[in-house]
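> model this:
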Amino acid sequence: MKNILLTLGLMGIGTLAFAQSASVNAQPALLAPQYAAASAAVPQTPIKPVLPVMPSSNSVLPAPLPPEIPEVPEYAGWNAEGDSSEEGLTKTFSKTFPAAASDIISMNNQYGSITIKIWDRKEVKADVTISAYSNNADEQQKLLDGTRVLADKSGDQIAFRTEMSGNRNGNWGNGTRNGKKWRREVRVNYTLYVPGNNDLNISQQYGNVEIGNYAGAVNAKVQYGNFSAQKLSSSSNNLNVQYGKMTIQDLNKGNLKQQYGGGITLGSARDINISAQYANVRIDRLLGDAALSVQYNKLNIAQVAESSKVLTISAQYAGVDVGFSDSYKGKMDVKTSYGGFNFGKGVSAKVEGDDEDQGSFTKRYNGNIGGGGSGQVRVNASYGEVTFR
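Below you'll find the model as predicted:
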């Protein structure tokens, strides 16, 4: 076989070498991110580029190059953290409802923050601060007057929703134009006091969500903001973050989705399903089962505990790094295409299907971790390195 070295590099994820004589495939066409106009509510998430077609096992073509990562759209200088250095006009809103244990609490907010606090009352209370900013005093007042909070209790549903009138025509956010600073925006910051066991439904755009220790189910979608929690102990959590980061110190069970942004960081996690695109995933300690799908990023699990029985990983254009506790014992099945598999002394593996001389760059490894046991680890990786420690 003629030898020409093809090196693929993606986001610092290893290098791959291939024997080849033909020219490299052209990069696949990408759909450009859709940037929103200044008056729109939320820019659309760029569509993930389609993966290049994998060459057949007896093809002589080299591995296709990975798609480029779309840049994250910015929205007129919007900063989810907020800026309190300038004085604006402010008004407040407060509403309390009685709450039964079966009541569901919903929040829909934009351009501000949501902080969830636990108290020992059978009530739900929302304290909201609304601030308007503009270089023009009259417009500043109009922005404030055009923003309100709607609160309602109907049956087992308690709902809070931010409503804005059509005063967002033109530029929205802050920045510098012709050497002069400008600002035109509204901030709506919620502090929600809840019993701690009710189910939560949260929709947040352009702002952060912060929760402490919470026992009820949390269903949250955050766009252009961060989601953080100390401990989520429910067996039914569904979290979706776009253009932000997700940080949870202790997660019992949950379905997590992340697209673009600072990625997912979990301290300890039990039974989880994760889908991540263009965002790194880090888990300090995996205590239960997990099904992880990652694309165009990095996956790092510092330690898989003995209590984790089934770990399934699907990775495309992603580096996978997994560490196992000294007490972990299980079997493994690792398949790599156009990538390598590295493992430490606690792992024994036998390679199958090593027919690279026939033009195939797919390998399968079967073996044991910690001498073998009831645990099962399955990895299917394309265009990236896999490492077991």
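
> for this structure, what are the low-confidence residue spans?
Low-confidence regions of the chain, defined here as pLDDT under 70, cover residues 1-86, 166-171, 353-360.

> repeat that for 80
In the prediction, the chain carries residues with pLDDT under 80 at positions 1-87, 166-173, 353-360.

> ranges for the strands of the stretch 51-200 of the chain?
With strands called from DSSP state E, counting those that start in this stretch, the stretch 51-200 of the chain shows them at 89-98, 104-110, 114-118, 123-134, 147-154, 157-164, 173-177, 180-194, 199-205.

> Compute the inter-axis angle for the third one and strand 180-194.
Spelled out, that is strand 114-118. For strand 114-118 and strand 180-194, the angle between their directions (axes from the mean of the first three to the mean of the last three CA atoms, to 10 degrees) works out to 20 degrees.

> what's strand 114-118 packed up against?
Strand 114-118 makes packing contacts with strand 180-194, strand 199-205, strand 209-214 when contacts are defined by 3 or more CB pairs under 8 Å, 6 or more residues apart in numbering; DSSP states H and E. In this view, the C-beta of every residue, glycine as well, is placed from N, C-alpha and C.

> repeat for the fourth one
Contacts defined by 3+ CB pairs under 8 Å, 6+ apart place strand 123-134 against strand 89-98, helix 137-145, strand 147-154, strand 157-164, strand 180-194.

> can you pull the buried residues of it?
Val124, Lys125, Ala126, Asp127, Val128, Thr129, Ile130, Ser131, Ala132, Tyr133, Ser134 (16 or more other CB atoms under 10 Å).

> What's the end-to-end length of stretch 115-124?
The straight-line separation of the ends of stretch 115-124 (CA to CA, to the nearest Å) is 13 Å.

> Going by neighbour count, list what's buried in it.
By neighbour count on 16+ other CB under 10 Å, the buried set for stretch 115-124 is Ile116, Val124.

> How about stretch 180-188?
So stretch 180-188, judged by 16+ other CB under 10 Å, has buried residues Trp182, Arg183, Arg184, Glu185, Val186, Arg187, Val188.

> ok, and the closest non-adjacent residue to the second one?
If I follow you right, that is Arg183. Here the nearest residue to Arg183 in space, its sequence neighbours aside, is Asn174; by CB to CB, 6 or more residues apart in numbering that works out to 4.0 Å.

> so how many other residues sit close to that neighbour?
Neighbour count for Asn174, taken as other CB atoms under 10 Å: 18.

> any idea how far Leu143 is from it?
13 Å (CB to CB, to the nearest Å).

> Mind listing the shared neighbours of those two?
Common neighbours of Asn174 and Leu143, using CB atoms under 8 Å, 6 or more residues apart in numbering, are Tyr133, Arg184, Glu185.

> Now distance to Gln110 too, for those, in JSON lines please.
Rendered in JSON lines, the data for the shared contacts of Asn174 and Leu143 read as follows (distance: CB to CB, whole Å):
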{"residue": "Tyr133", "distance to Gln110": "15"}
{"residue": "Arg184", "distance to Gln110": "15"}
{"residue": "Glu185", "distance to Gln110": "11"}
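
> isn't Asn226 right up against Gly244?
Yes - Asn226 lies in contact with Gly244 (CB atoms under 8 Å); the separation is 4.5 Å.

> Between the two, which has more neighbouring residues?
The residue with more neighbours, out of Asn226 and Gly244, is Gly244; 26 against 21, by other CB under 10 Å.

> what's the helix or strand containing the more buried one packed up against?
In the assignment (DSSP states H and E), Gly244 maps to strand 238-277. Secondary-structure packing of strand 238-277 (3+ CB pairs under 8 Å, 6+ apart): strand 218-223, strand 227-232, strand 281-286, strand 290-304.
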